[in-house]
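Enquirer: missing the sequence, but the structure's below:
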């Protein structure tokens, strides 16, 4: 169990580091679909996202002026939220599995 | 790869939302039997890691970037059912919190990335693994090819959706050629990241890797025979 915990903690720490720090070095060029849509001509059909003005839209925290901090904080929040929701879901599913047996 | 609102019409989006909902229901059932107290936290970590790495766009060609989809990676680590759920959680987070991927396009995106990406990746992994000698480095090679091929297939999913319900009427062949060309390049990056991540888990906790556990079980059965 201890070995398992170390593995999970290291994995979580790597995820925090990637989303919180390395994300600032990511390419800002359009992604594959966006590029193709732009080249062919249907990019203009894209509608603005319904949540475009929400707190975390486009991987930045609204109100944090410093771009690095803003992206990093959004990444860290996303990692924590994803970890919470997904681990919760999988633990519930596992428990159901145990109950069925 | 995340489709925004507006590219695909609402009826098509709704149809794919229905397909994706059925897929999620099946995956919830399927994942139950593959999750135990060791693999359930790993599945959570897999979703978390994929969210983080999806933020890291890498350049692929002039003015184009791509990022990990993670379907093949998740399938190898935790099996296809739990992998589809992990990807779905990531896509929900991105659409709801980060305005990445349209809300009306959620079913389209889940179909392409949580199901096509995961199951194509898983199928390629299993096939390549069978063709190669049964050892740890074969797992990495199979993971590389699974990642590589899963991306253009997920991209082809978009082309299918565009062919059915694209709001603009450009030639499907043109869209298909452009999408495949770009996403084969992104797939190479996907293959490397998938092989690297699977290799790292294999080096530290190979007992947790779903795609490797199958290998050892097959070996055990043969010994008994």
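Expert: Nice, I can see it. Remember, it's a predicted structure, so these values are computed and weren't measured experimentally.
Enquirer: tell me the contacts of residue B:165?
Expert: Residue B:165 makes contacts with B:8, B:9, B:11, B:12, B:13, as judged by CB atoms under 8 Å, 6 or more residues apart in numbering or on different chains. Yep, even glycine has a C-beta here, placed from its N, CA and C like the rest.
Enquirer: with adjacent residues omitted, what lies nearest to it?
Expert: Of all residues not flanking residue B:165 in the chain, residue B:12 sits nearest, at 2.7 Å (CB to CB, 6 or more residues apart in numbering or on different chains).
Enquirer: do residue B:205 as well
Expert: Nearest residue to residue B:205, sequence neighbours excluded (CB to CB, 6+ apart): residue A:7, at 5.3 Å.
Enquirer: per-residue pLDDT, the closest residue to residue A:33 other than its chain neighbours?
Expert: Using CB to CB, 6+ apart and skipping residues adjacent in sequence, the residue nearest residue A:33 is residue B:1, 5.4 Å away. In this model, residue B:1 is scored at 91, pLDDT.
Enquirer: can you verify residue B:1 is assigned to a helix?
Expert: No. Counting by DSSP: H, G, I helix; E, B strand; the rest coil, residue B:1 falls outside a helix, being coil.
Enquirer: now the helix or strand hosting residue B:118: mean pLDDT?
Expert: Secondary structure assignment for residue B:118, by DSSP states H and E: helix B:118-131. Helix B:118-131 carries an average pLDDT of 98.
Enquirer: that helix near chain A at all?
Expert: No. Helix B:118-131 is not in contact with chain A by CB under 8 Å from any CB of the partner chain; minimum separation 14.5 Å.
Enquirer: so how far is the helix or strand just after that helix from its chain's centroid?
Expert: Once the chain leaves helix B:118-131, the next helix or strand it forms, by DSSP H and E, is helix B:136-165. Distance of helix B:136-165 from its chain centroid, counting by CA atoms, centre = their mean, to the nearest Å, is 7 Å.
Enquirer: show me where chain B has its helices.
Expert: Using DSSP state H, the helices of chain B run over B:10-34, B:39-54, B:71-78, B:80-97, B:106-109, B:118-131, B:136-165, B:172-205, B:210-224.
Enquirer: ranking those helices by burial, who's on top?
Expert: Greatest average neighbour count among the helices of chain B goes to helix B:71-78 (a mean of 32), per mean count of other CB atoms under 10 Å in any protein chain shown.
Enquirer: name the helices or strands packed onto it?
Expert: helix B:39-54, helix B:80-97, helix B:118-131, helix B:136-165, helix B:172-205, helix B:210-224 (3 or more CB pairs under 8 Å, 6 or more residues apart in numbering or on different chains; DSSP states H and E).
Enquirer: do you know which of those lies nearest residue A:36?
Expert: Proximity to residue A:36 (CB to CB) singles out helix B:172-205 among the helices and strands packed on helix B:71-78, at 4.4 Å.
Enquirer: can you spell out which helices and strands pack onto the closest one?
Expert: Where contact means 3+ CB pairs under 8 Å, 6+ apart, helix B:172-205 is packed against helix A:2-20, helix A:32-40, helix B:39-54, strand B:58-61, strand B:64-66, helix B:71-78, helix B:136-165.
Enquirer: 6 Å instead, please
Expert: Packing partners of helix B:172-205 (3 or more CB pairs under 6 Å, 6 or more residues apart in numbering or on different chains; DSSP states H and E): helix A:32-40, strand B:58-61, helix B:71-78, helix B:136-165.
Enquirer: sheet partners, orientation included, of the shortest one?
Expert: So that's strand B:58-61. Strand pairing for strand B:58-61, using DSSP bridges, gives strand B:64-66 (antiparallel).
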